[in-house]
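Novice: The following block contains a protein sequence and its predicted model.
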Amino acid sequence: MNKQFPTTEELDEQERELARILRVLPGGEPPAELDARILKAAGNAAATSRRPRTRWIASAGALWGIGGAAAAVLALGVSWQLMYPQNRSMRPEAAPAARMEDKAEDATVSVELKDQQSGESSNAPAPSPALKSALQEPAAQAYSAAPGAPPPPPAPTTAASPESFASEHLDEHVTTSADVAASADGVAPSAAVAGRSEAVSNAAQAAPAAKAAAESRMAQRAAASEAEATGGLAMTPEPGPMKPANWFAHIRQLQSENRSAEAKASLLEFQRRYPDFVIPSDLAPLLRE
Amino acid sequence: MVAELTDEELMVAYAAGDAAAFETLYSRHRGPLFRFMLHQVREHGTAEELYQDVWQRVITARERYRPEAKFSTWLFQIAHNRLTDHWRAQQHRPAAPADAVERAEREADPQTPERQLSAFEERRRLQLALRELPADQREVVLLRLEQELSLEQIGEITGVGRETVKSRLRYALDKLRLRLNP
């Protein structure tokens, strides 16, 4: 929020003289009734704002709470996918745009959470069992607290092996939240690849638990916490509209891979979808290429 | 406290549902934005309509706003887009008369005893000169003189490169100076 923008260039002497005259030209104020109309519209919109009206200077604790809850929901979905891969066949080929928006938003939250976690433990050894348990706790709470959550179905007896599922699952995606996280952090793409391998390995570790019906919930939690630790890697971002921040990260990644034409095409598409959105200054030159 | 916040902080606050933040933000930009619109379209009613549309777009896009650029840059980019739509709908973009420079030169009477322009005369001449500028040049010069934006920022708003902005600005300033200092 305290981002520093480039300072304005000062006017030279001649420009200042013209600006002085310009400022005293008549008709410089909108009429009061127009002000009132706009402020009323703004107030109405704020009242029906999608986000809850809270103190907007959110404390770090509140941010952690929101991030944790989102990650818990994400982790629950991931564990569900890992345990019951046959559910994927029920997914429609083309999901509604609103659903994709939600997924993109989840991915953003996941990236933010990963940033926060990596800030603390990027160079730290693997989390201790106690820490793992602590990380699992929010997922468990969210699961048990979710009012509309369906009861877990019985464990499949002929489920695909987690290794093959995880590989298939990862190969079909062009962009994962780990890619976005890697890009956002300025980490080389190899880090994202390493993250994928870790997810495959994690999925393999989760398999025995998945097979035991009596321990299904425990396995879900374990898989969820692993997925959380890898930035929600097993998420399935289907092709569709991305949130601007993710989109920019994607374009930057294309640039870093010298795929300028694709980067430009992607940026043009972004402009088409978000005509009011300011293009970051580092990407703007693409449009002029 | 709200008054001490940056534009970007206020916009984020508004997106989170704080209407008071919008009021402060609005009060900071209402004058400059309205003048920008009025100088562009000249007609008061049209300027009011476009001005209201711009703020409506800000309100509508509040949840998509990300403080990755200055708020004013974002605001004037919306204004630029709205003006572009307006010209397109009108299928008319006011261009400078072909003989604008000659007319300016004719109007300037070097024999007048009143070499020092009165404030009124200065304003009148500047107003005329602005009207005679091509819309592209007028937009750039208004963003530069009124908002004191950098060439890069103007480029972001208008969607052209820095050199294009520089060129438009130079032509526009030359014409304005010619009008004021014949």
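Specialist: Yep, that arrived.
Novice: Quick check: residues of the stretch 101-250 of chain A near chain B?
Specialist: A:244-245 (C-beta under 8 Å from any C-beta of the partner chain). Yep, even glycine has a C-beta here, placed from its N, CA and C like the rest.
Novice: who are the neighbours in contact with the residue lying closest to B:Trp55 once chain neighbours are set aside?
Specialist: Closest residue to B:Trp55 in three dimensions, ignoring its sequence neighbours and counting by C-beta to C-beta, 6 or more residues apart in numbering or on different chains: A:Ile38, at 4.7 Å. With contacts taken as C-beta atoms under 8 Å, 6 or more residues apart in numbering or on different chains, A:Ile38 has the following neighbours: B:26, B:52, B:55-56.
Novice: what does B:Glu148 give?
Specialist: With contact taken as C-beta under 8 Å, 6+ apart, B:Glu148 is in contact with A:8-11, A:19.
Novice: Out of those residues, who's the most crowded?
Specialist: Of these, A:Ala19 is surrounded by the most neighbours, 17 neighbours in total, counting by other C-beta atoms under 10 Å in any protein chain shown.
Novice: Identify each buried residue in the host helix or strand of that residue, please.
Specialist: With the criterion set as DSSP states H and E, the secondary-structure element containing A:Ala19 is helix A:13-23. By 16 or more other C-beta atoms under 10 Å in any protein chain shown, the buried positions in helix A:13-23 come out as A:15, A:17-19, A:21-22.
Novice: Equivalent analysis for stretch B:21-31, please.
Specialist: Those would be B:21-26, B:29-30, for stretch B:21-31 by 16+ other C-beta under 10 Å.
Novice: Could you do stretch A:250-269 as well?
Specialist: In stretch A:250-269, counting by 16+ other C-beta under 10 Å, buried: A:250-255, A:263-264, A:266-267.
Novice: Return the helix or strand in the chain with minimum mean pLDDT.
Specialist: As the question left the chain open, I've gone with chain A. Least confident helix or strand of chain A, by mean pLDDT, DSSP states H and E, is helix A:177-185 with a mean of 36.
Novice: My question was about chain B, not that one.
Specialist: For chain B, counting by mean pLDDT, DSSP H and E, helix B:100-107 ranks last in confidence among helices and strands (a mean of 52).
Novice: Which helix or strand lies directly C-terminal to it?
Specialist: Tracing the chain past helix B:100-107, the next element assigned as helix or strand by DSSP H and E is helix B:119-132.
Novice: Among the buried residues of helix A:13-23, which ones lie close to chain B?
Specialist: With the criterion set as C-beta under 8 Å from any C-beta, the members of the buried residues of helix A:13-23 near chain B are A:15, A:18-19, A:21-22.
Novice: related to what we said a few turns ago, which single one of the buried residues of helix A:13-23 is nearest to chain B?
Specialist: A:Ala19 (4.1 Å; C-beta to the nearest C-beta).
Novice: What residues does that closest one make contact with?
Specialist: Going by C-beta under 8 Å, 6+ apart, A:Ala19 touches A:11, B:145-146, B:148.
Novice: Okay, now the unreliable bits of the stretch 151-289 of chain A?
Specialist: When residues are selected by pLDDT under 70, those of the stretch 151-289 of chain A lie in A:151-242.
Novice: Helix, strand, or coil at the residue in it that chain B sits nearest to?
Specialist: At 3.9 Å from chain B, A:Val278 is the closest residue in the stretch 151-289 of chain A, using C-beta to the nearest C-beta. On the three-state scheme (DSSP: H, G, I helix; E, B strand; the rest coil), A:Val278 is labelled coil.
Novice: Pretty sure it sits against B:Ile78.
Specialist: No - no contact is recorded between A:Val278 and B:Ile78 when judged using C-beta atoms under 8 Å, the distance being 9.3 Å.
Novice: Would you mind measuring the gap between the ends of stretch A:23-30?
Specialist: Using C-alpha to C-alpha, to the nearest Å, the span of stretch A:23-30 from its first residue to its last is 15 Å.
Novice: contacts for it?
Specialist: Residues from elsewhere that reach stretch A:23-30 (C-beta under 8 Å, 6+ apart): B:30-31, B:34-35, B:38-39, B:44, B:48, B:51, B:119, B:123, B:126-127, B:146.
Novice: What of stretch B:164-171?
Specialist: Stretch B:164-171 has contacts (C-beta under 8 Å, 6+ apart) with B:136-137, B:140-141, B:144, B:151, B:154-155, B:158.
Novice: Show me which parts of that stretch are buried, residue by residue.
Specialist: In stretch B:164-171, the ones that count as buried by 16+ other C-beta under 10 Å are B:164-165, B:168-169, B:171.
Novice: and what of stretch B:29-49?
Specialist: Of the residues in stretch B:29-49, those buried by neighbour count under the rule 16+ other C-beta under 10 Å are B:29-30, B:32-41, B:47-49.
Novice: Near chain A, list only the ones from those residues.
Specialist: The residues of these that also fall near chain A, by C-beta under 8 Å from any C-beta, are B:30, B:34-35, B:38-39, B:48.
Novice: after the helix or strand containing B:Leu38 comes which helix or strand?
Specialist: Counting by DSSP H and E, the secondary-structure element that holds B:Leu38 is helix B:19-41. Read in the C-terminal direction, the helix or strand following helix B:19-41 is helix B:44-60, with elements assigned using DSSP H and E.
Novice: centre of the chain versus the helix or strand just after that next one, how much separation?
Specialist: Toward the C-terminal end, the helix or strand that comes next after helix B:44-60 (DSSP H and E) is helix B:71-90. Relative to the mean C-alpha coordinate of its chain, helix B:71-90 is positioned 10 Å out (C-alpha atoms, centre = their mean, to the nearest Å).
Novice: ok, now stretch B:28-48?
Specialist: Relative to its chain's centre, stretch B:28-48 lies at 8 Å (C-alpha atoms, centre = their mean).
Novice: Next: stretch B:142-155.
Specialist: Once both centres are worked out by C-alpha atoms, centre = their mean, stretch B:142-155 turns out to sit 9 Å from its chain's centre.
Novice: what sits against the closest residue to B:Arg57 other than its chain neighbours?
Specialist: Nearest-residue entry for B:Arg57: B:Ile78, 5.1 Å, with adjacent residues in sequence omitted and distances by C-beta to C-beta, 6+ apart. Taking C-beta under 8 Å, 6+ apart as the contact definition, B:Ile78 lies against A:276, B:54, B:57-58, B:61.
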